[in-house]
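Asker: fold the stuff below for me.
(4 chains)
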2 protein chains.
Amino acid sequence: MAIYRTSGVLNDFLYLSGLLQLAFMSCQPLFDYMSRHIELTNEERLKIESLAKVRNYLKGQYVLQQGDVCKYENFVAFGCLKAFHADESAQEHIIMFAIEDWWVSDLGSLLNQTPSDFNIQCLENSQLIQFSSQNLETLYHEVPKIERLFRILTQKAFVASWQRIIRGFSLSAKERYLKFRELYPQIEQRVPQYMIASYLGITKEFLSKIRSQLAE
Amino acid sequence: MAIYRTSGVLNDFLYLSGLLQLAFMSCQPLFDYMSRHIELTNEERLKIESLAKVRNYLKGQYVLQQGDVCKYENFVAFGCLKAFHADESAQEHIIMFAIEDWWVSDLGSLLNQTPSDFNIQCLENSQLIQFSSQNLETLYHEVPKIERLFRILTQKAFVASWQRIIRGFSLSAKERYLKFRELYPQIEQRVPQYMIASYLGITKEFLSKIRSQLAE
DNA sequence: TAATCATGTTAAGCTAGATTAATCTCCTTT
DNA sequence: AAAGGAGATTAATCTAGCTTAACATGATTA
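Answerer: Numbers count the residues shown, from 1 in each chain, chains lettered A, B, ... in the order given. Here you go, the predicted model:
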């Protein structure tokens, strides 16, 4: 698919920025993020660093494929990804986007070591900070603060997913689109419209219609 | 509304069973439940008991009303409840049912002390074991096992809610109904059809049609 | 006994949103 | 320069599921 291909110029850029990115493969973005929630000692930072794995992905690459067991909980240092489920008729349904400072994984698959329900794919060159479920367990035990942080994060994610379910019930497609723009203005700029349509659970044609109505 | 009213005979029964239930207001159901996940010492049990509040509700009573701040995380010792959101046009959208051994609350409201997005109402006489957010915090600190348990429970709940979102995208109403029966056979027996329709995000008339198709 | 209420069913007509297919605009590649 | 691909738009037609409304049933109440 064309998403894997890039122009010569873009390739040069990617190669270059790839090199640049290699120069900055550290857990710093994660520490910055964490320090907004909890305070970490230097030993704790070292512990976290020893259990994390920093990895770069190119645009189009899959971090997780439906059917595989999810190996990592991923923190996005930079880049943009989508998580999507492909149904029987190969239709893609985007479950979430992830940009800087977001966590993305198939938690069910990671926890139960079962085949994943969905795919995670990079929409831009991305750098992820990865924790295997084993390392995460170790981290929970050795740095209880982190267990606490993850409880809180998961609770927030759970609340957000319930709000999404409520929106799915009680709002029209147009209202859901407006809500999406309100909630995620940064993401709206960064991903193509047809993916937003997929996230909203409507066709790209219908989203286009909604937008033209809004423009009037 | 008639849901509050009951026949004389039923009232007698309720009164009686209310008395009987008063005789058994203990945290035992919660301990039984917890012991399926973690092991508790006697001191820990006492700690939990000291922070919990056992309360009976009659059929029809609200445990939480939309707009109020959610005061408790509720464990269902017995009974049956629904959590539902009422939209602008006063339409009810059932988000979840809760029976024995389920937890039910508006976590977002509880955590952030913000007005709740939805109602929690008893469909049967119910007994809840309640933890205020303060007591829950205390519990997390004094019994770290519990913090761990709640992290795991929340993760599971989060996974379940994502699966529900996926189902909402990729399954037809009929498929969603069949899935519901598969996942929650006990609940199907216990709540009226029109509430199941609401849970599935369809009208009661359409569910009726689906069922008649299935019966053919 | 008659009335009421909760629940469920059936059927006619209606709309939000899907499907299909053609067209357009940028980019990128050759 | 031409061809191709990704993304977006528009319009015609179609359908899953909604709305409305009438009716059935069984339980409860007066």
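Asker: so what's A:Glu124 closest to, chain neighbours aside?
Answerer: Nearest residue to A:Glu124 in three dimensions, chain neighbours excluded: A:Cys80, at 4.4 Å (CB to CB, 6 or more residues apart in numbering or on different chains). Every C-beta, even on glycine, is put in place using the N, C-alpha and C of the backbone.
Asker: I figured the one you found hits A:Trp102, correct?
Answerer: No: counting by CB atoms under 8 Å, A:Cys80 does not reach A:Trp102; the two are 9.5 Å apart.
Asker: phi, psi of the residue nearest to A:Glu124?
Answerer: Torsion angles at A:Cys80 (phi, psi; degrees, to the nearest 10) stand at phi -150, psi 130.
Asker: need the contact list for it.
Answerer: A:Phe97, A:Ala98, A:Ile99, A:Cys122, A:Leu123, A:Glu124, A:Ser126, A:Ile187, A:Arg190, A:Val191 (CB atoms under 8 Å, 6 or more residues apart in numbering or on different chains).
Asker: average model confidence for the helix or strand harbouring A:Lys82?
Answerer: Using DSSP states H and E, the element containing A:Lys82 is strand A:81-86. Mean pLDDT, taken over the full extent of strand A:81-86, equals 97.
Asker: show me what it is packed up against.
Answerer: Here strand A:81-86 touches strand A:92-98, strand A:119-122, helix B:144-170, going by 3 or more CB pairs under 8 Å, 6 or more residues apart in numbering or on different chains; DSSP states H and E.
Asker: to DNA strand C, which of those lies closest?
Answerer: Taking CB to the nearest atom of the strand, helix B:144-170 is the member of these nearest to DNA strand C, at 9.3 Å.
Asker: quick one on the thing from earlier: tell me the strands beside the strand holding A:Lys82, with direction?
Answerer: Here strand A:81-86 has these sheet partners by DSSP bridges: strand A:92-98 (antiparallel), strand A:119-122 (antiparallel).
Asker: right, and the helix or strand after the least confident helix or strand in chain A by mean pLDDT?
Answerer: Among the helices and strands of chain A, helix A:8-23 carries the lowest confidence by mean pLDDT, DSSP states H and E, at a mean of 45. Per DSSP H and E, the first helix or strand lying C-terminal to helix A:8-23 is helix A:28-35.
Asker: now the angle from the strand holding A:Lys82 to helix B:144-170?
Answerer: 60 degrees (axes from the mean of the first three to the mean of the last three CA atoms, to 10 degrees).
Asker: pull out the buried residues from strand A:81-86.
Answerer: Using 16 or more other CB atoms under 10 Å in any protein chain shown as the test for burial, strand A:81-86 gives A:Leu81, A:Lys82, A:Ala83, A:Phe84, A:His85, A:Ala86.
Asker: now do stretch A:142-160
Answerer: Of the residues in stretch A:142-160, those with enough neighbours to count as buried (16+ other CB under 10 Å) are A:143, A:145-151, A:154-159.
Asker: A:Ser208: which of the residues you listed is nearest?
Answerer: The nearest member of the buried residues of stretch A:142-160 to A:Ser208, counting by CB to CB, is A:Ala157 at 30.5 Å.
Asker: who are the contact partners of that closest one?
Answerer: Applying CB under 8 Å, 6+ apart, the residues near A:Ala157 are A:Trp103, B:Phe158.
Asker: if we go to 6 Å?
Answerer: Counting by CB atoms under 6 Å, 6 or more residues apart in numbering or on different chains, A:Ala157 touches B:Phe158.
Asker: and A:Ile210, by the same measure?
Answerer: A:Lys174, A:Tyr177.
Asker: so what's the residue nearest the centre of chain A bridging to?
Answerer: The centroid of chain A falls nearest to A:Ala98 when counting by CA atoms, centre = their mean (2.8 Å). On DSSP bridges, the residues paired with A:Ala98 through beta bridges are A:Leu81.
Asker: so which residues on chain A come close to chain B?
Answerer: A:85, A:87, A:93, A:107-108, A:151, A:154-155, A:157-159, A:161-162, A:166, A:168-170, A:201 (CB under 6 Å from any CB of the partner chain).
Asker: swap in 7 Å and give it another go.
Answerer: Residues of chain A lying close to chain B (CB under 7 Å from any CB of the partner chain) are A:85, A:87, A:93, A:95, A:107-108, A:111, A:117, A:144, A:147-148, A:150-151, A:154-155, A:157-159, A:161-166, A:168-170, A:201.
Asker: just give me the neighbour total for A:Ile38.
Answerer: Residue neighbour count, defined by other CB atoms under 10 Å in any protein chain shown, stands at 13 for A:Ile38.
Asker: my bad, A:Arg181
Answerer: Per other CB under 10 Å, the neighbour tally for A:Arg181 reads 13.
Asker: now A:Glu175
Answerer: Residues near A:Glu175, counting by other CB under 10 Å, number 12.
Asker: ok, it to DNA strand C distance?
Answerer: 8 Å (CB to the nearest atom of the strand, to the nearest Å).
Asker: which residues touch that residue?
Answerer: Neighbour list for A:Glu175: empty [criterion: CB atoms under 7 Å, 6 or more residues apart in numbering or on different chains].
Asker: any weak-confidence spans in chain A?
Answerer: Within chain A, the set of residues satisfying pLDDT under 70 comprises A:1-23.
Asker: and if we set it to 90?
Answerer: Chain A contains residues with pLDDT under 90 at A:1-25, A:87-90, A:215-216.
Asker: how about CSV for the helices and strands packed on strand A:81-86, with distance to DNA strand C added?
Answerer: Output for the helices and strands packed on strand A:81-86, formatted as CSV (distance: least, CB to the nearest atom of the strand, whole Å):
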stretch, distance to DNA strand C
strand A:92-98, 10
strand A:119-122, 17
helix B:144-170, 9
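Asker: need these in TSV with distance to A:Phe131, can you?
Answerer: As requested, those are exported to TSV (distance: least, CB to CB, whole Å):
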stretch	distance to A:Phe131
strand A:92-98	15
strand A:119-122	15
helix B:144-170	14
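Asker: which of those sits closest to DNA strand D?
Answerer: Here helix B:144-170 is closest among the helices and strands packed on strand A:81-86 (CB to the nearest atom of the strand), at 9.9 Å.
Asker: tell me if that closest one is near DNA strand D.
Answerer: No: figure legend: helix B:144-170 not in contact with DNA strand D (CB under 7 Å from any atom of the strand); closest approach 9.9 Å.
Asker: buried residues in the helix or strand just after that helix?
Answerer: Using DSSP H and E, the helix or strand that directly follows helix B:144-170 along the chain is helix B:173-183. Buried positions in helix B:173-183, judged by neighbour count with 16+ other CB under 10 Å: B:Ala173, B:Lys174, B:Arg176, B:Tyr177, B:Phe180.
Asker: name the helices or strands packed onto the helix or strand that comes right after helix B:173-183?
Answerer: Once the chain leaves helix B:173-183, the next helix or strand it forms, by DSSP H and E, is helix B:185-190. Judged by 3 or more CB pairs under 7 Å, 6 or more residues apart in numbering or on different chains; DSSP states H and E, helix B:185-190 has no packing partners among the helices and strands.
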